[in-house]
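Participant: model this:
(4 chains)
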Number of protein chains: 2
Amino acid sequence: MTLTESSPARTDRVERCAAAPRRHPRPDGQDRYTISEVAAYTGLTAHTLRWYERIGLMPHVDRSHTGQRRFSNQDLDWLAFVGKLRLTGMPVADMVRYAELIRVGDETFEERQELLERTRRDVLRRIEELQDTVAVLDHKIGFYADARWASERS
Amino acid sequence: MTLTESSPARTDRVERCAAAPRRHPRPDGQDRYTISEVAAYTGLTAHTLRWYERIGLMPHVDRSHTGQRRFSNQDLDWLAFVGKLRLTGMPVADMVRYAELIRVGDETFEERQELLERTRRDVLRRIEELQDTVAVLDHKIGFYADARWASERS
DNA sequence: TAGATCCCTTGAGTGCACTCGAAGCAAGCG
DNA sequence: CGCTTGCTTCGAGTGCACTCAAGGGATCTA
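Facilitator: Sure thing, here's the model as predicted:
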């Protein structure tokens, strides 16, 4: 077991949480992916995946007998979640912090929850800002549309 | 006249477009601000403002008899708009491109409109992504809430 | 057995958007 | 008059998130 919230009775919840966009459908019944398979699936480069591991953003990834990485479905779930966090603009350092909290264990539940709630608030604020920006763009676009309509008439 | 859409009949439109958050209300009737005033007003540093000018993201800013910058209300409007674009994650190079189009003149209306519409689409897509992310966060947060509720009961 | 392909590690390099430091000029104040 | 504040330029430095290069090992295909 690597990085999940890991409440014994309800890992099903976790699975649903991390449902991913599935560009390449996951081969059924498989649980060991090479780095290039994961790269294709996630859209990240192999370089980036190794880098994530180096900085502690990935749990320890399993290795083959020759030392090559073998990613599990759980690793894929985690990467999907990290992808979501990345979209929010959360700094990588904060994600590493979250990963560390998970590694520490159940006594960090509260802190993790707070971190997620803070993130949630940030994202909502960000959405508002963007909606504001759309309004500004609409004004400007309206200006250009009017100007061209006027020039066609004249 | 520096950087605006400059349709003779309706600059009022432009004014409304670029309405800014106004941390420091603009001194009424004034139209010449020092760089530090603008820094305080926009939240950018003086360094950044000079850098914007160097890279062509600002129109030519007026100077005092001693060579110091004197920003106009129009400059402030432009900076407010740039701030909005920055929030969308648009690269500075693209904003410089837009500024160049404005400098070229009216024959770039179409290209400017397209650029804004493309940006608008990007922003809307971004908002959707963020809303998706909020949903994921809500699931995770729900998981933590449930887990703690369960542990309180046991 | 040769070559291709995939993977490994370490450490350095890249691009973006600032951000700062140094050296020097000019205005205002006690 | 000296001091402080704030401005100028130019060029270098910073932090982030990758991104790549070099050198080498294991496995597969002809």
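Participant: Walk me through the domains of chain A.
Facilitator: Here the domain assignment for chain A is A:1-104, A:111-154, based on automatic domain parsing.
Participant: Are the shortest one and DNA strand D in contact anywhere?
Facilitator: It refers to domain A:111-154. No - Domain A:111-154 is not in contact with DNA strand D by C-beta under 7 Å from any atom of the strand; minimum separation 13.3 Å. Every residue, glycine included, has its C-beta placed from N, CA and C.
Participant: returning to that earlier point: rank the domains of chain A by mean pLDDT and give me the bottom one.
Facilitator: Among the domains of chain A, domain A:1-104 has the lowest mean pLDDT, at a mean of 78.
Participant: can you give me how far that domain is from the chain middle?
Facilitator: Put simply, domain A:1-104 sits 9 Å off its chain's centre (C-alpha atoms, centre = their mean, to the nearest Å).
Participant: Can you name the residues of chain A that neighbour DNA strand C?
Facilitator: Contact residues (C-beta under 7 Å from any atom of the strand) of chain A with DNA strand C: A:34-37, A:46, A:50, A:54, A:67-69.
Participant: Would you mind giving the domains of chain A as JSON lines with mean neighbour count added?
Facilitator: Below are the domains of chain A laid out as JSON lines (neighbours: other C-beta atoms under 10 Å in any protein chain shown):
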{"stretch": "domain A:1-104", "mean neighbour count": "15"}
{"stretch": "domain A:111-154", "mean neighbour count": "15"}
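Participant: For residue B:121, which of the ones you listed is the nearest?
Facilitator: domain A:111-154 (9.8 Å; C-beta to C-beta).
Participant: Now find how far off-centre the closest one is within its chain.
Facilitator: Distance, stretch centre to chain centre, for domain A:111-154: 23 Å (C-alpha atoms, centre = their mean).
Participant: Could you dump the domains of chain A into JSON lines and include distance to chain B?
Facilitator: Shown next, in JSON lines, are the domains of chain A (distance: least, C-beta to the nearest C-beta, whole Å):
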{"stretch": "domain A:1-104", "distance to chain B": "4"}
{"stretch": "domain A:111-154", "distance to chain B": "4"}
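Participant: Nearest to residue B:137 among the ones you listed would be which one?
Facilitator: domain A:111-154 (4.6 Å).
Participant: Among the residues of chain A next to DNA strand C, find me the one that's closest to residue B:107.
Facilitator: residue A:46 (47.0 Å).
Participant: Can you pick out the most distant pair from the residues of chain A next to DNA strand C?
Facilitator: A:37 and A:54 (19.8 Å).
Participant: now the helices: where do they sit in chain A?
Facilitator: A:11-17, A:35-42, A:46-54, A:73-87, A:92-104, A:109-153 (DSSP state H).
Participant: export these to CSV and tack on distance to residue B:108?
Facilitator: Output for these, formatted as CSV (distance: least, C-beta to C-beta, whole Å):
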stretch, distance to residue B:108
helix A:11-17, 47
helix A:35-42, 40
helix A:46-54, 38
helix A:73-87, 33
helix A:92-104, 39
helix A:109-153, 10
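Participant: Turn the residues of chain A next to DNA strand C into a markdown table, including distance to residue A:100.
Facilitator: Formatted as a markdown table, the residues of chain A next to DNA strand C follow (distance: C-beta to C-beta, whole Å):
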| residue | distance to residue A:100 |
| --- | --- |
| A:34 | 27 |
| A:35 | 23 |
| A:36 | 28 |
| A:37 | 27 |
| A:46 | 24 |
| A:50 | 19 |
| A:54 | 14 |
| A:67 | 25 |
| A:68 | 26 |
| A:69 | 21 |
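Participant: Out of those residues, which is nearest to residue B:76?
Facilitator: When the residues of chain A next to DNA strand C are compared for distance to residue B:76 (C-beta to C-beta), residue A:54 wins out at 45.0 Å.
Participant: which residues touch that closest one?
Facilitator: Residues counted as contacts of residue A:54 (C-beta atoms under 8 Å, 6 or more residues apart in numbering or on different chains): none.
Participant: Tell me how far it lies from residue A:94.
Facilitator: Using C-beta to C-beta, to the nearest Å, one gets 17 Å for the distance from residue A:54 to residue A:94.
Participant: Which residues of chain A lie near DNA strand D?
Facilitator: A:45, A:47-48, A:51, A:65-66, A:86, A:91-93.
Participant: farthest pair in those residues?
Facilitator: Longest span within those, C-beta to C-beta: A:65 and A:91, 36.6 Å.
Participant: can you redo the residues of chain A next to DNA strand D as JSON lines with distance to residue B:143?
Facilitator: Formatted as JSON lines, the residues of chain A next to DNA strand D follow (distance: C-beta to C-beta, whole Å):
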{"residue": "A:45", "distance to residue B:143": "31"}
{"residue": "A:47", "distance to residue B:143": "32"}
{"residue": "A:48", "distance to residue B:143": "27"}
{"residue": "A:51", "distance to residue B:143": "28"}
{"residue": "A:65", "distance to residue B:143": "36"}
{"residue": "A:66", "distance to residue B:143": "37"}
{"residue": "A:86", "distance to residue B:143": "20"}
{"residue": "A:91", "distance to residue B:143": "23"}
{"residue": "A:92", "distance to residue B:143": "23"}
{"residue": "A:93", "distance to residue B:143": "24"}
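Participant: Fine by me, thanks again.
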